[in-house]
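Visitor: for reference, the sequence and a predicted model appear below.
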Amino acid sequence: QVQLIESGGGSVHTGDSLRLSCVASGGSISTYTMGWFRQAAGRKREFVASITWSGYNTKYADAVEGRFTVSRDNAKNTMYLQMTSLNIEDAATYYCGVATWGAAPRDRVRDYDFWGQGTQVTVSS
């Protein structure tokens, strides 16, 4: 059973940057697609970014394209999300997930089999 732990969240101001990490344990995630999602209070969990096992293919939500970068280090069983130019709309709890099937980036919640507990990002003006 893969377990995921997110970290790196915090309170920042608009325009600031943060880097989130997602560390996997209980098994290797080196052959799986991984993704980042976020959920703001009162809203559904939404796709942010996804990366294939090799790291060569990525996909981003339109709202973060050009500002966020997803990457991974399979040797460390870790995925990252570098977030820049943060704005108020980016405030949410960020979750990482593992999709154990398929070779392409995944942007649907139901495609993911394992989830972390989330890390909160707060953005103030």
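Guide: Thanks, I have it.
Visitor: measure Ile5 to Ala104 for me?
Guide: In this view, Ile5 and Ala104 are 25 Å apart by CB to CB, to the nearest Å. Any C-beta I mention is one placed from the backbone N, CA and C, and that applies to glycine too.
Visitor: with Gly118 instead?
Guide: 25 Å.
Visitor: higher neighbour count, those two?
Guide: Taking other CB atoms under 10 Å, Gly118 and Ala104 do not tie; Gly118 has more neighbours (19 against 12).
Visitor: these two touch, right, the more buried one and Ser7?
Guide: No. The pair Gly118 / Ser7 is not scored as a contact, 10.4 Å apart, by CB atoms under 8 Å.
Visitor: please report how far the residue nearest the centre of the chain lies from Gln82.
Guide: Nearest residue to the geometric centre of the chain (CA atoms, centre = their mean): Trp36, 2.2 Å. The gap separating Trp36 from Gln82 is 11 Å, by CB to CB.
Visitor: can you list residues touching both of those two?
Guide: Val70 (CB atoms under 8 Å, 6 or more residues apart in numbering).
Visitor: tell me which residues touch the residue nearest to the centre of the chain, please.
Guide: Contacts of Trp36 (CB under 8 Å, 6+ apart): 20, 22, 48-50, 70, 79, 81, 94-97.
Visitor: equivalent analysis for Ala24, please.
Guide: So Ala24 contacts 2-4, 77-79, 98 (CB under 8 Å, 6+ apart).
Visitor: so which of these are in strands?
Guide: Among the contacts of Ala24, the ones falling in strands (DSSP state E) are 3-4, 78-79, 98.
Visitor: just the buried ones from the residues you listed?
Guide: Using 16 or more other CB atoms under 10 Å as the burial test, the ones in strands among the contacts of Ala24 include 4, 78-79, 98 as buried.
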